[in-house]
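Engineer: Below: sequence and its predicted model.
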Amino acid sequence: MSVTRQARLAAVTAALSLAVCGGALAAQRPPAARKPAPEIQRPAPPPSGIIGGRVTSIQSGAGLARARIIVTSPAQAEPRVTLTTAEGRFTILDLPAGRYTVSAYKSGFVAETFSEASQDHATAIDLTEAQQLKNVDFALAREGVVSGRVFDEDGTPFQGARVEVLRPQFDKGQRILSAIGSAMTDDRGQYRIGGLRAGLHYVSATDPAYDDVGDINGRLTYSPTYHPGMTFPEEASQVRVEEGRETPAIEFRLRIVHPVRVSGRIAAFDERQLLAGAVIMTSQHGERLSPVPVKDVTIYPDGVFMFRNVTPGRYVIRARGETERKGVSLFGSFATSIESGDLANITISMTPGAIAEGRVDVESATGASLTFPPSMRIRAVATDGVMFGDAFSESLTNDGEFVFRGIMPGEHVFRVEGLPDPWVLKAVYLRGRDITDTPVYFESGQRTQNFRIVLTDAPTTIAGTVRDRNGQSRPDSTVVVFAIDPGVWRPYSRHVQIVRPTLSGTYRIRGLPPAEYWIAATQEIESGDLLDPASLERLAARASRITLAPGDTKTLDLAVGSGAPQVAAVAARAPGRR
């Protein structure tokens, strides 16, 4: 055998040996670990909440077709909108859990937002996961309409005026005007505003050309003109809007009144450095519907202040400040008449306010105890209706003791803020004398002790339903309860209350002091007219009489419509029985 052949044979043998060995080694290796199969990401189930209901006419009770239902919520990026069926029914599907606001709109009717509260505002709906709410019902009232013409000061028709319908309401205790409808005048000076709720309203007009103007000193704001041509709303005439009707033409001339500036300085009586300070300007007209907007006042650390865009008239400037932390607050005021020019260099010297001390006692009809929550405060309410003059006590001690370190000079009554349900104020005493609804006059620097405030868990309660003479619920009405004694019709009174029924027509009024009252359901009064003696006197002529004893709970159904309100049913429950 040749050498070459032997070499080839050896190479082949070696190769086969390596192949066999390699196969053996491969067979001895553990099998490679298999990668786990990827988990299938199952999509989250779609939201399945439902909001549904029916929209009907208050007048006929029939369903309203093609009413627009708008649902908004932070839980969804965009509003949801649907139309009602021929029977007035609607359903909105696939809603996630969250808080929802549901509103209904229909041409020729007053828009409504769903409410479950017996208060003068709407309440959002809390929808839980997969919850189905199918009784979100609306009863819409026919709209009232205001129309007329606006003229320039020379009597020519005013084109392009912005006309607003406003209603008075309470906001944080302050009676203000809130716009509920608006329109622009055409080339004939005419306007028409629909969608209005029945009641007494104000009508105003402004020239939009003066919305954003200024001079070398900055931006100017021109005040509106109120029908029948007044600068202040307190001097204006209210317009009665009736359900389903258009008012006779409301015509008036637009006045362009140049605003002025009022400036000066507030200072401590001893000229000590101020740590804090504030000023407010209010009109001396009527019930002060037009305080100078807070956004138009500036105050500097040295006490220098400036009010801009002030309409000429009679005003009171009130000031408060502090020169030491947890010290006695300082107060001052300045009355002035402003005409056509700016008013400058006013100096308001502030003196120490009054100090008041006392304690809170609890009288329980059920034997319950009360732990005073940190949010609970005693409030000294200024009887002139200007909240700037209100004062709050420091936190109550565990024994119920309280102290005020600075009450503005003037008349005040004591009220309690932050009370847990069902506790209400029963009485306020000063050295044994009941002063619950009797104002106490505080002087600068005065110290008064031995106030005693009594709380009770057996409040008076009146509840019931409001319907018209056809038996339909009337959520567009208001329920007013006011004492027969007109001497207690005051801004701070506990003896006058007003609530709006829910959409189902139910209402509840809690905490009235024991006394005799008039009660009525009406469409002719709003919360802003709550303390207008003329409005209450007119209402008393058509109201029903009710007597409340301590702790009384009474059920009283009311009818609203033409003529005197009718009490449909009265039931009483003894005090202390729940």
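Structural biologist: That came through fine.

Engineer: residues in contact with residue 98?
Structural biologist: The contact partners of residue 98, by Cβ atoms under 8 Å, 6 or more residues apart in numbering, come to 73, 74, 75, 76, 126, 127. Using the backbone N, CA and C atoms, a C-beta is placed for each residue, glycine as well.

Engineer: Reformat the residues you listed as JSON lines; add secondary structure and neighbour count.
Structural biologist: Shown next, in JSON lines, are these (DSSP: H, G, I helix; E, B strand; the rest coil; neighbours: other Cβ atoms under 10 Å):
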{"residue": "73", "secondary structure": "coil", "neighbour count": "20"}
{"residue": "74", "secondary structure": "coil", "neighbour count": "9"}
{"residue": "75", "secondary structure": "coil", "neighbour count": "14"}
{"residue": "76", "secondary structure": "coil", "neighbour count": "15"}
{"residue": "126", "secondary structure": "strand", "neighbour count": "12"}
{"residue": "127", "secondary structure": "strand", "neighbour count": "22"}
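
Engineer: Farthest-apart pair in these, please.
Structural biologist: Spatial extent of the contacts of residue 98 (Cβ to Cβ) is set by the pair 76 and 126 at 14.6 Å.

Engineer: Residue 321 contacts residue 327, correct?
Structural biologist: No - under the criterion of Cβ atoms under 8 Å, residue 321 is not in contact with residue 327, lying 10.4 Å apart.

Engineer: if you count what's nearby, which of these two comes out ahead?
Structural biologist: residue 321 (23 against 13; other Cβ atoms under 10 Å).

Engineer: beta partners for that one?
Structural biologist: As for beta bridges, residue 321 partners with residue 277, residue 330 under DSSP bridges.

Engineer: now do residue 168
Structural biologist: Going by DSSP bridges, residue 168 forms beta bridges with residue 177.

Engineer: Phi and psi next, for residue 209.
Structural biologist: The phi/psi pair for residue 209 (degrees, to the nearest 10) reads phi -60, psi -20.

Engineer: What is the neighbour count of it?
Structural biologist: Neighbours of residue 209 (other Cβ under 10 Å): 11.

Engineer: residues near residue 513, how many?
Structural biologist: So residue 513, with other Cβ under 10 Å, has 20 neighbours.

Engineer: The nearest residue to it once chain neighbours are set aside: neighbour count?
Structural biologist: Nearest non-adjacent residue to residue 513, counting by Cβ to Cβ, 6 or more residues apart in numbering: residue 494, 5.5 Å away. Counted with other Cβ under 10 Å, the neighbours of residue 494 add up to 18.

Engineer: which residues touch residue 494?
Structural biologist: Residue 494 is in contact with 425, 436, 437, 511, 512, 513, counting by Cβ under 8 Å, 6+ apart.

Engineer: SS state for the first one?
Structural biologist: Put simply, residue 425 is strand when judged by DSSP: H, G, I helix; E, B strand; the rest coil.

Engineer: so it sits right up against residue 455, yeah?
Structural biologist: Yes - judged on Cβ under 8 Å, residue 425 makes contact with residue 455 at a distance of 6.4 Å.

Engineer: gap between residue 264 and residue 449?
Structural biologist: Look at residue 264 and residue 449: by Cβ to Cβ, to the nearest Å, they are 36 Å apart.

Engineer: Those two - which one has more neighbours?
Structural biologist: A side-by-side neighbour count of residue 264 and residue 449, using other Cβ under 10 Å, places residue 264 first with 21 against 11.

Engineer: Whichever strand or helix holds the more buried one packs against which elements?
Structural biologist: Taking DSSP states H and E as the definition, residue 264 sits inside strand 260-268. On a contact count with 3 or more Cβ pairs under 8 Å, 6 or more residues apart in numbering; DSSP states H and E, strand 260-268 meets strand 276-283, strand 304-310, strand 313-322, strand 330-338, strand 343-352.

Engineer: Using PDB, write out every CA atom in it.
Structural biologist: Listed next in PDB are the C-alpha coordinates belonging to strand 260-268 (Å, rounded to 0.1, in the frame of the first residue of the first chain):
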ATOM      1  CA  VAL A 260     -62.500 106.700  37.300                       C
ATOM      2  CA  ARG A 261     -59.700 105.700  39.700                       C
ATOM      3  CA  VAL A 262     -59.700 105.900  43.400                       C
ATOM      4  CA  SER A 263     -56.400 105.600  45.300                       C
ATOM      5  CA  GLY A 264     -55.000 106.100  48.800                       C
ATOM      6  CA  ARG A 265     -53.200 104.400  51.600                       C
ATOM      7  CA  ILE A 266     -54.200 102.300  54.600                       C
ATOM      8  CA  ALA A 267     -52.100 102.500  57.800                       C
ATOM      9  CA  ALA A 268     -52.100 101.200  61.300                       C
END
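
Engineer: That one pairs with which strands?
Structural biologist: strand 304-310 (antiparallel), strand 343-352 (parallel).

Engineer: Provide the backbone phi and psi angles at residue 475.
Structural biologist: Dihedral angles for residue 475 - degrees, to the nearest 10 - are phi -70, psi -10.

Engineer: can you tell me which of the contacts of residue 98 lies nearest to residue 242?
Structural biologist: Nearest to residue 242 among the contacts of residue 98 is residue 73, at 35.4 Å by Cβ to Cβ.

Engineer: Model confidence at that closest one, what's the number?
Structural biologist: In this model, residue 73 is scored at 91, pLDDT.

Engineer: Just list the residues touching it, thanks.
Structural biologist: Residue 73 sits next to 95, 98, 99, 100, 101 when contact means Cβ under 8 Å, 6+ apart.

Engineer: Among these, which lie within strands?
Structural biologist: The members of the contacts of residue 73 that map onto strands under DSSP state E are 95, 98, 99, 100, 101.

Engineer: what residues are up against the closest residue to residue 66 other than its chain neighbours?
Structural biologist: Beyond its immediate neighbours in the sequence, the residue positioned closest to residue 66 (Cβ to Cβ, 6+ apart) is residue 83, lying 5.1 Å away. Residues in contact with residue 83, defined by Cβ under 8 Å, 6+ apart, are 66, 67, 68, 69, 90.

Engineer: What about the third one, how many residues nearby?
Structural biologist: Spelled out, that is residue 68. Neighbours around residue 68, by other Cβ under 10 Å: 16.

Engineer: so how far is residue 547 from the spatially closest residue to it that is not a sequence neighbour?
Structural biologist: Distances taken as Cβ to Cβ, 6+ apart put residue 105 closest to residue 68, at 4.5 Å, once the chain neighbours are dropped. As judged by Cβ to Cβ, residue 105 and residue 547 stand 43 Å apart.

Engineer: circling back: can you tell me how far the residue nearest to residue 66 is from residue 70?
Structural biologist: Note on residue 83: its distance to residue 70, by Cβ to Cβ, is 11 Å.

Engineer: cool, residue 542 as well?
Structural biologist: According to Cβ to Cβ, residue 542 and residue 70 sit 37 Å apart.

Engineer: now swap in residue 147 and tell me
Structural biologist: Counting by Cβ to Cβ - residue 147 and residue 70 are separated by 27 Å.

Engineer: which stretches of the stretch 151-300 of the chain aren't confidently modelled?
Structural biologist: The stretch 151-300 of the chain contains residues with pLDDT under 70 at 170-175, 216-217, 285-295.

Engineer: all strands of it, in order?
Structural biologist: In the stretch 151-300 of the chain, the strands defined using DSSP state E, counting those that start in this stretch lie at 162-171, 174-184, 190-196, 199-206, 213-215, 218-220, 225-226, 239-241, 250-253, 260-268, 276-283, 297-299.

Engineer: Keeping just the C-alphas, turn the first one into PDB.
Structural biologist: Extracted in PDB, the C-alpha atoms of strand 162-171 (Å, rounded to 0.1, in the frame of the first residue of the first chain):
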ATOM      1  CA  ARG A 162     -74.500  93.300  23.900                       C
ATOM      2  CA  VAL A 163     -77.700  92.700  25.900                       C
ATOM      3  CA  GLU A 164     -77.800  90.400  28.900                       C
ATOM      4  CA  VAL A 165     -80.600  89.100  31.100                       C
ATOM      5  CA  LEU A 166     -79.300  88.700  34.700                       C
ATOM      6  CA  ARG A 167     -80.800  87.300  37.800                       C
ATOM      7  CA  PRO A 168     -79.700  88.000  41.400                       C
ATOM      8  CA  GLN A 169     -78.300  85.100  43.400                       C
ATOM      9  CA  PHE A 170     -76.100  84.500  46.400                       C
ATOM     10  CA  ASP A 171     -72.500  83.600  45.900                       C
END
